[in-house]
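Enquirer: From the sequence below, what's the structure:
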Amino acid sequence: MNRWLTLMSVGLCLVTQTTEANTFRTEQWQTSNGARVVFYQAKEVPMLDIGVAFAAGSAYDGEHYGLSALTVRLLDQGNGSLDANQIADKLADTGAQYENDSTRDMAAFSLKTLTDENALATALDTFALILNKPNFKQDSFNREKNQQLIAIKQSHESPDELANQLFFTNLYKKHPYAHPVNGTNDSLKMISVWQVRDFYKRYFVANNAVIVMVGAIDSDKAHQIAGQLMQNLPGGKAADPVVKALSLTTAESIKTSFPSSQTMLRLGQIGIDHSNPHYFPLMVGNYILGGGALVSRLSNEVREKRGLTYGITSQFMPMPGDGPFLISLSTKNSQAATALKVTEDTVAHFLNSGPGEEELTAAKQYLTGSFPLSLASNSNIANMLLRLTFYHLPSNYLDTYTANIEAVTTGEIKQAFDQTIHPEKMLQVSVGKQ
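Expert: All right, here's what the predicted structure looks like:
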């Protein structure tokens, strides 16, 4: 059941939506300067989890690859009158946990804190400083830039990470998803502190922000916190949507030599966004094909029957610009060609025949049975709500998830895969001793 309520709150000009269903109830509104807010009250534990995300991931780097990630790294490295050590000490003194992350789509920040009055006040003041008043001093910039360069170098030493990046680079070509989130060695060296400041001013604005709160506070306190976290940010404007990626017109194969005992294999294509009409048939079907770890068709054919790998997975990664469909595995160098052939044959057979009824029943049992575990903690709920809100998924997504899974048929899965997966346009990536 859904119902709408209109509420007014001091300091905020907003219309508040309350979503009430059998198992989930969230309150949603906008701050006076435009940030979208979702609040879920969980009274059981005196803790509060907060997630804040901006549409400011690496897809918005432009030609300055690594700019988003560097900006995110710098946000807590000196704020207002406090240096990085003082910021860290303030959080540590209250027992609060702060984390940040940069993906291709978003710049994300989280705070986990006690709801004790003093601890909460200090943690929130510090979190607000991080979001609102980064100093971006040159010495901090130099330090974090060097750390990011080290991370880039380390990624080149991992055949697994190299295979993943080669997959994205060659699949997405000139699309904003193509380059590494951390950037490249050459691109990062060219970034200046002024470019970081400009990036922050453009994208770290209220109209480009999502706030999620889950924990033992009431609605009035949640409204006050949302306003505090956004109080010094301009309204600005939301980032432009990421453009849709173009699929490959023909199959491509990329082989890179690497001195490793195993060959990393990646096989895939441009996939879907979150609003794809076949979303649930594809999710259920993918569990049967390769998402079900040791019980999937790919695992059965490549791992169990032939012993070609320790593990093989397939996944859809929904993203606004259309994320990839990706099959990942590693195998002995001498078995790479065989493993790839068996993988391709298994996908082809699945596309031709579709799933069986027993496979569908097992997939539904697992997906519906494991779903409550994904919401077993406040942190999990906050992370889930942040993604749902950021990607504009329906407000009743959590309450209808099980029903949507149960409604999927074998015919819908076959149709969804027929329309979405195209073996003749897939990319193959191989990293190992060629």
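
Enquirer: residues near the closest residue to Ser187 other than its chain neighbours, how many?
Expert: Nearest non-adjacent residue to Ser187, counting by C-beta to C-beta, 6 or more residues apart in numbering: Tyr65, 3.7 Å away. All C-beta atoms are positioned from the backbone trio N, CA, C, and that covers glycine. Tyr65 has 23 neighbours, counted by other C-beta atoms under 10 Å.

Enquirer: So, low pLDDT: which residues of the stretch 1-150 of the chain?
Expert: Applying pLDDT under 70 to the stretch 1-150 of the chain flags the ranges 1-23.

Enquirer: can you give me the strands for it?
Expert: Secondary structure of the stretch 1-150 of the chain by DSSP state E, counting those that start in this stretch: the strands cover 17-20, 25-30, 36-41, 47-54, 97-102, 107-114.

Enquirer: Just say which of those is most tucked in.
Expert: strand 47-54 (a mean of 25; mean count of other C-beta atoms under 10 Å).

Enquirer: Specify the angle between it and strand 97-102 in degrees.
Expert: With axes from the mean of the first three to the mean of the last three C-alpha atoms, to 10 degrees defining the directions, strand 47-54 sits at 20 degrees from strand 97-102.

Enquirer: next one: strand 47-54 to chain centre, how far?
Expert: Taking C-alpha atoms, centre = their mean, to the nearest Å, the mean C-alpha location of strand 47-54 is offset from the chain mean by 15 Å.

Enquirer: could you measure the nearest residue to Val72 once chain neighbours are set aside against Lys133, distance?
Expert: Closest residue to Val72 apart from its sequence neighbours, by C-beta to C-beta, 6+ apart: Ser102 at 4.4 Å. Going from Ser102 to Lys133 by C-beta to C-beta, to the nearest Å gives 20 Å.

Enquirer: Select, out of the strands of the stretch 1-150 of the chain, the one closest to Ala293.
Expert: strand 97-102 (24.7 Å; C-beta to C-beta).

Enquirer: the inter-axis angle of the closest one versus strand 107-114?
Expert: Going by the same axes, to 10 degrees, strand 97-102 makes 170 degrees with strand 107-114.

Enquirer: partners of strand 97-102, with directions?
Expert: strand 107-114 (antiparallel) (DSSP bridges).

Enquirer: which residues sit against the partner strand?
Expert: Strand 107-114 is contacted from outside by 46-54, 56-57, 68, 71-72, 75, 94-102, 119-120, 123-124, 127, 130-131, 203-204, 379, 382-383, 386, using C-beta atoms under 8 Å, 6 or more residues apart in numbering.

Enquirer: and if you look at stretch 231-247?
Expert: 33-35, 54-56, 59-60, 105, 128, 131-133, 171-173, 175-177, 202-209, 269-270, 319-322, 422, 425.

Enquirer: Quick check: closest non-adjacent residue to the residue most central in space within the chain.
Expert: Nearest residue to the geometric centre of the chain (C-alpha atoms, centre = their mean): Thr103, 6.3 Å. In space, and not counting its chain neighbours, Thr103 is closest to Gly57: 5.0 Å by C-beta to C-beta, 6+ apart.

Enquirer: isn't the one you found right up against Asp105?
Expert: Yes - under the criterion of C-beta atoms under 8 Å, Gly57 makes contact with Asp105 at 4.4 Å.

Enquirer: mind listing what the closest residue to Asn118 other than its chain neighbours touches?
Expert: If the residues on either side of it in the chain are set aside, Asn118 comes closest to Thr94, at 7.8 Å by C-beta to C-beta, 6+ apart. Listed by C-beta under 8 Å, 6+ apart, the contact set of Thr94 reads Thr113, Leu114, Asn118, Ala119, Leu120, Thr122, Ala123.

Enquirer: Need the phi and psi values for the residue nearest to Thr103.
Expert: phi -80, psi -170 (degrees, to the nearest 10).

Enquirer: tell me the contacts of Lys153?
Expert: Asn185.

Enquirer: typo on my end, it should be Ile312
Expert: Going by C-beta under 8 Å, 6+ apart, the list of residues near Ile312 reads Gly290, Ser296, Leu298, Ser299, Val302, Arg303, Ile327, Ser328, Leu329, Thr343.

Enquirer: Could you provide the residues you listed in CSV, with additional columns for distance to Ser257?
Expert: Converted to CSV, the contacts of Ile312 look like this (distance: C-beta to C-beta, whole Å):
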residue, distance to Ser257
Gly290, 27
Ser296, 30
Leu298, 26
Ser299, 28
Val302, 23
Arg303, 25
Ile327, 22
Ser328, 19
Leu329, 19
Thr343, 21
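
Enquirer: among those, which are in strands?
Expert: Ile327, Ser328, Leu329 (DSSP state E).

Enquirer: What is the burial count for Leu120?
Expert: Neighbour tally, Leu120, other C-beta under 10 Å: 21.

Enquirer: Please apply the same query to Gln148.
Expert: Around Gln148 there are 20 residues (other C-beta under 10 Å).

Enquirer: Next one: it relative to Ile191, how far apart?
Expert: Taking C-beta to C-beta, one finds Gln148 at 9 Å from Ile191.

Enquirer: who touches both of those two?
Expert: What both Gln148 and Ile191 touch, as defined by C-beta under 8 Å, 6+ apart, is the set Gly66, Leu70, Gly183.

Enquirer: Show the contacting residues for Ile254.
Expert: Ile254 touches Leu166, Asn170, Leu427, Gln428, Val429, Ser430, counting by C-beta under 8 Å, 6+ apart.

Enquirer: Could you tell me which of the residues you listed count as buried?
Expert: Leu166, Asn170, Leu427, Gln428, Val429, Ser430 (16 or more other C-beta atoms under 10 Å).

Enquirer: Can you redo these as TSV, where the extra columns are secondary structure, pLDDT and distance to Lys244?
Expert: Shown next, in TSV, are the buried ones among the contacts of Ile254 (DSSP: H, G, I helix; E, B strand; the rest coil; pLDDT from 0 to 100; distance: C-beta to C-beta, whole Å):
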residue	secondary structure	pLDDT	distance to Lys244
Leu166	helix	98	22
Asn170	helix	98	18
Leu427	strand	98	17
Gln428	strand	98	23
Val429	strand	98	22
Ser430	strand	98	28
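
Enquirer: Redo these as TSV? Include distance to Leu367.
Expert: Output for those, formatted as TSV (distance: C-beta to C-beta, whole Å):
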residue	distance to Leu367
Leu166	31
Asn170	32
Leu427	28
Gln428	29
Val429	29
Ser430	32
